Structure formats: C-alpha cells, structure tokens
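1. Quick one: sequence plus predicted model below, questions after.
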Amino acid sequence: MAVQVPLWHHYLRAIRSRWASRVQDYQRAENVLLTVLERVHARDPRFLVDYSRDLEALQFALRSSDDPVDVELPLRVDAESLLSEELGATETMDGPVSCRLGVPREAAGLEQWMTEDVFTASTDGSAKCCGHIVPSKVLHVLKDLLVAAIVHCKHHGLITPGSLNANSLKEKELHLSLLVSSGWRTIRFNVVPVVRRKHRVPALEDAQRAPGFPEGSLKRIISQEVALVPASVQLWRVSTDYVLTRLLSALGSLPGHRLDSLSILDRVNHENWRDGGQSPGLTFSHLKTVLLWASVLFPAPEDWAELQGAVYRLLVVLLCCLATRNLPHFLHPEHNLLPDAGLDLNALYQRVERFASQPEASLRIHITHLVRSPPPRIGHGVKALLQLPASDPTYWATAYFDVLLDKFKVFHIQDKDRISAMQSIFRKTKALGGEDS
C-alpha cells in the first residue's frame, strides 16, 4: 500500500497538469466556432447561438481523448406550440422516443418554419398539423449557412487563416462537423441543430431514486429543457446529453474524488485500453455513465474520500457491465450502451480486469516508478461473480458491489449495516458458486 497510494496521486497530478492548457486550447477553438455561428445567426435568425458552454469545457478538461465535441445550435421556435407525434421506442442509444415535429394548422408565429427549405406540407387534410419541420432540410440549410459564414469570416479576417477546416461537412450525417485548430491541437466540433422543450425526466423526478446527487441540483436539472436532435431524415429524438453533463457537474460540487476517478480511468482507457486512441473502445460518454451509476450505488461520502477506492468504485461497475455485456443508459436503463458492433467486449473485459488486478504498471509515468508490482489482487473466476446481475437484476445493488470491492481489497467501510449486507450477499454468491475462493 505504501507504494500504491502515492502512485495514484502522482498519476492524477500528471493529468491535472494538462488541464489548464487543454481548457485554453478548447476556449480558443470555441471562440473560432462561435465567430462562425454568430455569422450564421446574422444571415438566418432562425438559428441561435448558445453561449452557456462552461460544462463542455469542463468535460474537455476532464478527458484525455480528443473525441468530437457536440455543439447544440438551438432553433428559434416556440417548441411548446409544435405537435410532437411520437412513433414509439427506437434503437437509438440516447432515448426511447422518436417523433415528428408538426406545425398546427391554427398556430400563429410559426410562419418562418413553414417555408419550403425546412418544411414539408401534410397531404392529409384531416390531420391536426399542416406539415412537419424536417431534420434533413434543416441540416441542408445549416450546411449552406456554415459554408457562407466561413467564407465571410475568412474574407474579413475574423478568423485566422488555417484555423478552420470545413471539408468534413457532410449532410449524410445527423450533424455537421468542423475541424478547428488551436495551437497544436485540432478539435472536431459536431454542430447539431436542436429544438429545446420541456420534457419529463422520470428517473430524476424522485430524488430517492438517485441517491448520491445533491438534491437541490436535481431539482434544477429537472426544470431544464431537453433537446430534440435529428434522429433520421424525417424524425427527431430526445437527447439526454445535456442532462447527463449537468449531473456530472453536480457530482463535481461534492467533496471527494468522483471526477478525479473519471479522469484517471479515461486516461488509462485512452493510453492502454485504446492504444493511445488508435483502437476502438470505450468512450468518455461510456465512462461518464459508469460514474453516474457508481454514484448511485455508492452514495456515501466515505466511498469517495480516498482516491484509489474511488477509482475502484468505477472499476467494479465497469467490469460488471462488460462481463454482462450491458451498460444501462443512466436515464433509460432499458437501453444498452454496449452494442456488439465495433467493440470486442471479451478483449476489452480482459484489459480492464488486468488493470483492476494489477494497476501499477499502467500508472507508471516516470523511471522512478519502476518498482516491483504487488501480486494480483484477484484470481481466476471473478468473471462468473461479475455476471450474476445478468441472471438476477436484484444483484445490481450496493451490497453486491461491496462484495466486489472486497474481492479487490479496497472495501474499507466501517458502517455495520453495510458490512452485514455485504456479508449476506457474499454468502449467497458463495452458495451459488459464483465466487472463486
């Protein structure tokens, strides 16, 4: 232990040392993008500019990868006047509902959204709406506006030559990508047109269902609008990205190492599990979801007081999700964020388990850290224990994950009731043969 604890903190300090420069790079790139978006708004006031983007800067600082950054471009429309025609469950990662956005026949003030460039008229005379706002048309208009805005900004010297590359603009995507250079770093911004409106978030409406979060923050988050984003050529869908990012920010207001543990795992994921970003694998969004679940499963402040223990709270949840091949969406648990396409979950599980068993090798960033590693924390057979929630969802509970923490020798909780619950689950898993020793 005398070697392990300083190693975790030294690794965290190395990550934090880059935060300031990452934030500066992000802000410079964002300023270039905002200059272009302001010109888009000037040419077509139907598209607004959202300047409240501090949370995106926070996320960019926390992570080590340079994955694309989504930028919401709100549409200037009275969303409550539109008719949302829900089409039922979808297979999207980000929410259960796709819909069409209809313009009511008697609606006033929506004339600018009934023009041919963004609107398709209804052929059903008996329908409640006279037509629909079409995502593909909105994206086409936005692409032309972005190209014109970039030309204008370059011509008038509003952006530095070479700072922005629009070659990645493709309408076939459900967003429009721009590459912005900032120092030696290039950041890809995915510009997404959104319709913001009130929408229930049942998973958060009862604060008791989301322990581990500041209650006042939950109330504020629930009161916020959500975004409808393009889901296909004709359909929109509910995006929960902003809600999840607000939850992440709320966790950052609590004492402890919640966000530090996320930064550490994202760095290990980028450098080791994804081979420096060269291999497909987990994204920051995946790991953010793991932290949100871990915060619910481990709501006690003492769970996050010590850095190594905080990281292992995320690790046991992640290992369980990989072993069961199911990472539930935090707000829509029926949706799995780990589809098989593009991810070798078996190989990924092996890498994560290897790190959890002997993390020291991945944490060494200097020659002075080349010391003998402690023996593995776990033996063979832990995967069977990790797979129990797949057959019995009641295992998705604190006591079960406390058993996993104990297996990795990082369960140091003193609460008698919690120790008793953990021991009860341990005896149950041992009787089932789901434990190897």
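-> Structure received.
2. Could you list every helix and strand that the helix or strand hosting residue 401 packs against?
-> Here residue 401 is covered by helix 398-407, with elements defined by DSSP states H and E. Counting contacts by 3 or more Cβ pairs under 8 Å, 6 or more residues apart in numbering; DSSP states H and E, helix 398-407 packs against helix 307-324, helix 382-386, helix 416-432. Every C-beta, even on glycine, is put in place using the N, C-alpha and C of the backbone.
3. try 6 Å
-> Judged by 3 or more Cβ pairs under 6 Å, 6 or more residues apart in numbering; DSSP states H and E, helix 398-407 is in contact with helix 307-324, helix 416-432.
4. Redo those as a markdown table? Include mean neighbour count, mean pLDDT and distance to residue 44.
-> Formatted as a markdown table, the helices and strands packed on helix 398-407 follow (neighbours: other Cβ atoms under 10 Å; pLDDT from 0 to 100; distance: least, Cβ to Cβ, whole Å):
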| stretch | mean neighbour count | mean pLDDT | distance to residue 44 |
| --- | --- | --- | --- |
| helix 307-324 | 23 | 96 | 43 |
| helix 416-432 | 14 | 88 | 57 |
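5. CA-only coordinates of the helix holding residue 401, as CSV, when you get a sec.
-> In CSV, the C-alpha atoms belonging to helix 398-407 read as follows (Å, rounded to 0.1, in the frame of the first residue of the first chain):
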residue,chain,number,x,y,z
THR,A,398,-24.7,-1.6,-3.2
ALA,A,399,-24.2,-4.8,-1.2
TYR,A,400,-23.3,-6.8,-4.3
PHE,A,401,-20.8,-4.2,-5.5
ASP,A,402,-19.3,-4.1,-1.9
VAL,A,403,-18.6,-7.8,-2.3
LEU,A,404,-16.6,-6.9,-5.5
LEU,A,405,-14.8,-4.1,-3.7
ASP,A,406,-13.8,-6.6,-1.0
LYS,A,407,-12.5,-9.0,-3.7
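6. between it and helix 307-324, what angle do the directions make?
-> 110 degrees (axes from the mean of the first three to the mean of the last three Cα atoms, to 10 degrees).
7. contacting residues around helix 398-407?
-> Contacts with helix 398-407, where a contact means Cβ atoms under 6 Å, 6 or more residues apart in numbering, come from 297, 316, 378, 411, 421, 422, 425, 426.
8. Select the helix or strand of the protein having the lowest average pLDDT value.
-> Each helix and strand of the chain was given a mean pLDDT (mean pLDDT, DSSP states H and E); the minimum falls on helix 202-205 at a mean of 71.
9. Backbone dihedrals for residue 258, both of them.
-> Phi and psi for residue 258, reported as degrees, to the nearest 10, are phi -60, psi -60.
10. Which of the contacts of helix 398-407 lies at the shortest distance from residue 289?
-> Comparing the contacts of helix 398-407 against residue 289 with Cβ to Cβ places residue 297 closest, at 12.6 Å.
11. Okay, and the spatially most central residue of the chain sits in which element?
-> Nearest to the geometric centre of the chain sits residue 285, at 2.9 Å (Cα atoms, centre = their mean). Element membership of residue 285, judged by DSSP H and E, is helix 284-297.
12. and if you look at residue 227?
-> strand 226-230.
13. in its sheet, what does the helix or strand following that strand sit against?
-> As assigned by DSSP H and E, the chain's next helix or strand after strand 226-230 is strand 236-239. Counting by DSSP bridges, the strands paired with strand 236-239 are strand 98-104 (antiparallel), strand 226-230 (antiparallel).
14. out of these, deepest packed?
-> strand 226-230 (a mean of 23; mean count of other Cβ atoms under 10 Å).
15. chain center to the least confident helix or strand of the chain: distance?
-> The chain centroid and the centroid of helix 202-205 are separated by 18 Å under Cα atoms, centre = their mean, to the nearest Å.
16. quick one: the next helix or strand after it to chain centroid distance?
-> Following helix 202-205 in sequence order, the next helix or strand is helix 215-223 (DSSP H and E). Between the centre of helix 215-223 and the centre of its chain there are 19 Å (Cα atoms, centre = their mean).
17. Could you list the low-pLDDT ranges of the stretch 151-300 of the chain?
-> Low-confidence segments of the stretch 151-300 of the chain (pLDDT under 70): 171, 206-209.
18. picking up where we left off before, CSV for the helices and strands packed on helix 398-407, including distance to residue 196?
-> As requested, the helices and strands packed on helix 398-407 are exported to CSV (distance: least, Cβ to Cβ, whole Å):
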stretch, distance to residue 196
helix 307-324, 31
helix 416-432, 41
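19. Can you give me the distance of residue 352 to residue 11?
-> Separation of residue 352 from residue 11 (Cβ to Cβ, to the nearest Å) stands at 17 Å.
20. quick revisit: turn the contacts of helix 398-407 into a markdown table, columns for distance to residue 173.
-> A markdown table is the format used below for these (distance: Cβ to Cβ, whole Å):
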| residue | distance to residue 173 |
| --- | --- |
| 297 | 36 |
| 316 | 36 |
| 378 | 42 |
| 411 | 45 |
| 421 | 48 |
| 422 | 47 |
| 425 | 46 |
| 426 | 49 |
